[in-house]
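Enquirer: sequence and predicted model, in that order:
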Amino acid sequence: MTDVLNVPVKLADGRETTLSEYKGKVMLVVNVASKCGLTKQYEGLEKLYEDKRGDGFVITAFPANNFKGQEPGTEAEIVEFCQLTYDVKFPIFSKISVKGEDKHPLYQTLTTSGVPTTGDGPMKEKLRGFGMEVEDGEIVWNFEKFLIGRDGEIKARFAPDVDAQDSRLVEAVERELAKN
């Protein structure tokens, strides 16, 4: 398995990097979209980031247009939307694909880790109710979250509708932050 920290990624401003820039921190990797019913989660994510970043926590946002065209904007438009609408201060990366033939290597690594998804059922059922095909192991929608420990290992995965205030997510973040 490829080390998640060493996969090449690009920030929204075009700077090439890897997530190893955040090695030693607890990281929440989230695929995001600006025109989704879950977009309001940016507010809770920013609050969690503000509350925990002093303890070594970072959120990395990866805009993706894989679900019903809900992230049509350019990198500049996405960053402007996030900052003006939700005062987002955590890093926003360039738009990538999180599923399908052109899936980014970062999401290839995340989705093949075998880490079970917390809160998996309700969102999958809702999508199936809309007649959508939901593949096990794949990203099912915007705002799916992966928790990466200080050691760079994937510790947890959360369904899109598990928001940043959900006790299961908050407790997992705090558990990882407590480890040195």
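Expert: That came through, no problem.

Enquirer: what about V9, which helix or strand?
Expert: Using DSSP states H and E, V9 falls within strand 8-10.

Enquirer: helices or strands up against that strand?
Expert: In terms of contacts (3 or more CB pairs under 8 Å, 6 or more residues apart in numbering; DSSP states H and E), strand 8-10 is packed against strand 16-18. Just so you know, the C-beta spots here come from the backbone N, C-alpha and C atoms, and that holds for glycine as well.

Enquirer: list the strands paired with the strand it packs on, with their directions.
Expert: Strand 16-18 sits in its sheet next to strand 8-10 (antiparallel), going by DSSP bridges.

Enquirer: quick check, central residue of the chain?
Expert: The geometric centre of the chain, computed from its C-alpha atoms, lies nearest to V30 (CA atoms, centre = their mean), at 0.7 Å.

Enquirer: contacting residues for that residue?
Expert: Counting by CB atoms under 8 Å, 6 or more residues apart in numbering, V30 makes contact with L45, I59, T60, A61, F62, F143, E144, K145, F146.

Enquirer: what about the least confident helix or strand in the chain by mean pLDDT, distance to the chain center?
Expert: None of the helices or strands of the chain scores lower by mean pLDDT, DSSP states H and E than helix 120-129, at a mean of 88. Between the centre of helix 120-129 and the centre of its chain there are 19 Å (CA atoms, centre = their mean, to the nearest Å).
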